[in-house]
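Novice: whatever this is, show me its structure:
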Amino acid sequence: MACCFPSRRGPRDAVEGDDGMHSVKVFSYSELRKATQNFSEANKIGEGGFGSVFRGKLKDGTFIAVKVLSATSRQGVGEFLTELTAISDIKHENLVTLMGCSAEGSHRILVYNYLENNSLQQTLLGAKYSSIQFNWEARVKIAIGIARGLAFLHEEIRPHIIHRDIKASNILLDKDLTPKIADFGLARLLPPNATHVSTRVAGTLGYLAPEYAIRGQVTKKSDIYGYGVLLLEIVCGRCNTNTRLAREDRFLLEKTWALYEQEHLDEIIDADIDDELDIEEACKFLKIGLLCTQDAMARRPHMSTVLRMLTGCKNVSMEKITRPAMITDFCQLIPSGAEKTRSNTSGSFTTTETTDPFSSSDTATQSSM
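Specialist: Presented below is the predicted three-dimensional model:
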């Protein structure tokens, strides 16, 4: 996107302009450094493919989340801020809202509202104790909210946005447990070779669709695969990959498929869900998760269809559920020489590909907030 503001203006004017475009507040680097106590490790609350996130507190007492982009942008300040203005115009109840930014020198920093209940990874799936009670009603609200946010990115805005890294740590929760999808829209802010977006695939192994992990091919259906795995996690209350478990139990998708074949899906539902559990609905959600993770991209439903199935507006087609793409299937197919790392519980994974992931006709705007 070309900068449409006169270059003689300063950064704040370049964002706000005189033509009524949506404004983005510009923070000074010094202000954000003070707010985060010099970006101290004690205030670090997350790390993603695009940089580290710190909790901060402004002079007026407002708490903020500060994402320090890990790569230096090749864009000038004006172009960077113009691109950021376009991202800030993307508004939805289930998407994280951008508050502002800082773009001094080589620093590229984004500022978001701080969400009290952190991420699904740290609350529902985390090893540390959480006081949040994830009853069935709350899980339904979270699953449907994420689906609504993704359907909005995939089908409602123009140009469409593919998230590329749908996982529990990128789902933040506000005080009412409304889910907010984070890490979308940032690929346009950084040079292609500075992130995993063009020739580099990076993410968490259990969430990556095989066509993305192996060939670097990314489409909306890659996001849908990640959503399917996340949906299983929400219902089952455990991470998709846990190498501390017995071999037959360590991969959630494989275990879910095995129980589906045995017609015992109810056995994998989180035992911590209280008496309000709707077992029939929970099993339906698990079947939708299996549909979303089908090996063939064409067999995975679009997000609007997923949303209709979750809300009961469309039946789940049992005959369309075939064996999903398993982690163990494509781990062996990763190209030789590719980088691969895996943690004990979440299976973090990185691989470098020479294939252009934007070659698919279903590819839309690059993203990751």
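Novice: using PDB, list the CA coordinates for stretch 221-230.
Specialist: C-alpha atoms of stretch 221-230 as PDB (Å, rounded to 0.1, in the frame of the first residue of the first chain):
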ATOM      1  CA  LYS A 221      -7.800 -24.100   4.700                       C
ATOM      2  CA  SER A 222      -4.500 -24.100   6.500                       C
ATOM      3  CA  ASP A 223      -6.100 -21.800   9.100                       C
ATOM      4  CA  ILE A 224      -9.100 -24.100   9.300                       C
ATOM      5  CA  TYR A 225      -6.800 -27.100  10.100                       C
ATOM      6  CA  GLY A 226      -5.300 -25.100  13.000                       C
ATOM      7  CA  TYR A 227      -8.800 -24.100  14.200                       C
ATOM      8  CA  GLY A 228      -9.800 -27.800  14.200                       C
ATOM      9  CA  VAL A 229      -6.900 -28.700  16.400                       C
ATOM     10  CA  LEU A 230      -7.700 -25.800  18.700                       C
END
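Novice: for that stretch, what is the average pLDDT?
Specialist: Averaged across stretch 221-230, pLDDT comes to 95.
Novice: stretch 114-129 too?
Specialist: 85.
Novice: go on, stretch 45-57?
Specialist: 85.
Novice: how long is it end to end?
Specialist: 13 Å (CA to CA, to the nearest Å).
Novice: list the buried residues in it.
Specialist: By neighbour count with 16 or more other CB atoms under 10 Å, stretch 45-57 contains the buried residues 46, 48-56. C-betas here are computed from N, CA, C, even on glycine.
Novice: what distance separates the start and the end of stretch 153-170?
Specialist: End to end - CA to CA - stretch 153-170 spans 15 Å.
Novice: of the buried residues of stretch 45-57, which pair is most distant in space?
Specialist: 49 and 56 (21.0 Å; CB to CB).
Novice: re the thing from before, nearest to residue 108, of the buried residues of stretch 45-57?
Specialist: So of the buried residues of stretch 45-57, ranked by how close each gets to residue 108 (CB to CB), first place is residue 51, at 8.5 Å.
Novice: which residues touch the residue nearest to the closest one when sequence neighbours are not counted?
Specialist: Distances taken as CB to CB, 6 or more residues apart in numbering place residue 70 nearest to residue 51, at 4.0 Å, with adjacent residues excluded. Residue 70 makes contacts with 50-52, as judged by CB atoms under 8 Å, 6 or more residues apart in numbering.
Novice: could you measure from residue 70 over to residue 106?
Specialist: 12 Å (CB to CB, to the nearest Å).
Novice: got a pLDDT number for residue 312?
Specialist: Predicted confidence (pLDDT) for residue 312: 92.
Novice: might you calculate how far stretch 61-78 sits from the centre of the chain?
Specialist: Stretch 61-78 has its C-alpha centroid displaced from the chain centroid by 18 Å (CA atoms, centre = their mean, to the nearest Å).
Novice: burial measure for the residue lying closest to residue 104 once chain neighbours are set aside, as a count.
Specialist: What sits nearest to residue 104 in space, not counting adjacent residues and going by CB to CB, 6+ apart, is residue 29, at 4.5 Å. The burial count assigned to residue 29 is 13, neighbours taken as other CB atoms under 10 Å.
Novice: swap in residue 259?
Specialist: Residue 259 has 17 nearby residues by other CB under 10 Å.
Novice: name the surrounding residues that touch stretch 263-283.
Specialist: With CB under 8 Å, 6+ apart, stretch 263-283 has contacts from 133-137, 139-140, 235-238, 252, 255-256, 259, 286-287.
Novice: among the residues you listed, name the ones in helices.
Specialist: Among the contacts of stretch 263-283, the members falling in helices (DSSP state H) are 136-137, 139-140, 235-236, 252, 255-256, 259, 286-287.
Novice: tabulate these (a markdown table), appending pLDDT and distance to residue 208.
Specialist: Formatted as a markdown table, the ones in helices among the contacts of stretch 263-283 follow (pLDDT from 0 to 100; distance: CB to CB, whole Å):
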| residue | pLDDT | distance to residue 208 |
| --- | --- | --- |
| 136 | 96 | 28 |
| 137 | 95 | 30 |
| 139 | 97 | 23 |
| 140 | 97 | 26 |
| 235 | 97 | 20 |
| 236 | 96 | 19 |
| 252 | 94 | 14 |
| 255 | 95 | 18 |
| 256 | 96 | 17 |
| 259 | 96 | 23 |
| 286 | 98 | 20 |
| 287 | 97 | 22 |
